[in-house]
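Undergrad: here is my input; please provide its structure:
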Amino acid sequence: MTHRSQLAALQAAILGDAADAPTPGARVLDLGCGNGDVVQQWLDLGFDAHGCDLKFKRGPLVDRLEDAGRIELIEPDPYRLPFPDASFDILVTQQVLEHVRNYPATLAETRRILKRGGWGLHMFPARLTPIEPHTQVPGATVLRWPLWLKTWAWLGVRSASQAGMTWQEVAQRNQKYLSSSTNYLTGPELRRQFANHFDEVRFVEMSFLKHSPNIRGRMLAQLGRMAPPLIGLYRTFWARIVMVRA
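TA: Numbers count the residues shown, from 1 in each chain. This next block holds a predicted model:
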């Protein structure tokens, strides 16, 4: 969706465009922090940044950030973020919510740790994005039929981690992964789930495109001002950018 080296600055710009500009020193949580690179970016911008994840990805920052208490592991059962109530001013995620199987539990926890009036910003692929981004299979955000997945595996479609696998192995792995680790909700369902926990829910794809590091994104934002349905198409077929207020 965007270059990770620019992600924290982009998230801050979206928040500043669609809400109050984030103030350096505010406490920020990157939920699903991976290897901690976005946590470090927020720190570099002057924020009191932290991160958490079910499992850290490999990266040069992980040990240092973990030793400093900047990134922590999440307790999966029962699901609970490792922070007290009302701990953060801002919570951000990038390509996390498409993996959430239990929206009520996850959103309840994000609401719990946000201060009253705090903001959440969530960036993730849309339900009808043409190519499922984790398997690279066309249409697999909604089409999970075994024959469909087998056909694309047989045609040679692979994610980077599947190089060298037989097509049968790829199809079997994709079937298991898509059914257990992805959950692409419709727009109305997303709004309903967020509204159950937050006072304000906005779809802010226009702000995302306006501040995109990609010139094509910025051009689409300009076109979207003249033809708003273009932003609706982007929201439906490419990415969801959801901002909520506690």
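
Undergrad: which parts of the protein are strands?
TA: If you assign secondary structure with DSSP state E, the strands in the chain sit at 27-31, 48-53, 71-73, 75-76, 79-80, 88-94, 114-125, 200-203, 239-245.

Undergrad: ranking the ones you listed by mean pLDDT, which is last?
TA: For these, the bottom mean pLDDT is recorded on strand 75-76, which sits at a mean of 87.

Undergrad: what strands flank that one, and is each parallel or antiparallel?
TA: Within its sheet, strand 75-76 is paired with strand 79-80 (antiparallel), according to DSSP bridges.

Undergrad: just to revisit the earlier point, among the strands of the chain, which is nearest residue 152?
TA: When the strands of the chain are ranked by distance to residue 152, counting by Cβ to Cβ, first place goes to strand 114-125 at 17.4 Å. To be clear about C-beta, it is placed using only N, CA and C from the backbone, and glycine gets the same treatment.

Undergrad: least trustworthy helix or strand in the chain by mean pLDDT?
TA: Every helix and strand of the chain was ranked by mean pLDDT, DSSP states H and E. The lowest is strand 75-76, at a mean of 87.

Undergrad: and stretch 226-242, how far from the chain's centre?
TA: In terms of Cα atoms, centre = their mean, to the nearest Å, the gap separating the centre of stretch 226-242 from the centre of its chain is 16 Å.

Undergrad: kindly report the same for stretch 89-99.
TA: With Cα atoms, centre = their mean as the basis, stretch 89-99 stands 4 Å off its chain's centre.

Undergrad: then the longest helix that the chain contains to CSV, C-alphas only?
TA: Of all the elements of type helix in the chain, the one with the most residues (DSSP state H) is helix 167-181. Taking C-alpha atoms only, helix 167-181 is exported to CSV below (Å, rounded to 0.1, in the frame of the first residue of the first chain):
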residue,chain,number,x,y,z
TRP,A,167,1.3,-26.6,-7.1
GLN,A,168,-0.5,-29.0,-4.9
GLU,A,169,1.5,-27.7,-1.8
VAL,A,170,0.8,-24.1,-2.8
ALA,A,171,-3.0,-24.7,-3.2
GLN,A,172,-3.2,-26.5,0.1
ARG,A,173,-1.2,-23.9,2.0
ASN,A,174,-3.3,-21.0,0.4
GLN,A,175,-6.6,-22.8,1.3
LYS,A,176,-5.5,-23.1,5.0
TYR,A,177,-4.1,-19.6,5.2
LEU,A,178,-7.0,-17.8,3.6
SER,A,179,-9.6,-19.7,5.8
SER,A,180,-7.7,-19.3,9.1
SER,A,181,-5.8,-16.0,8.8
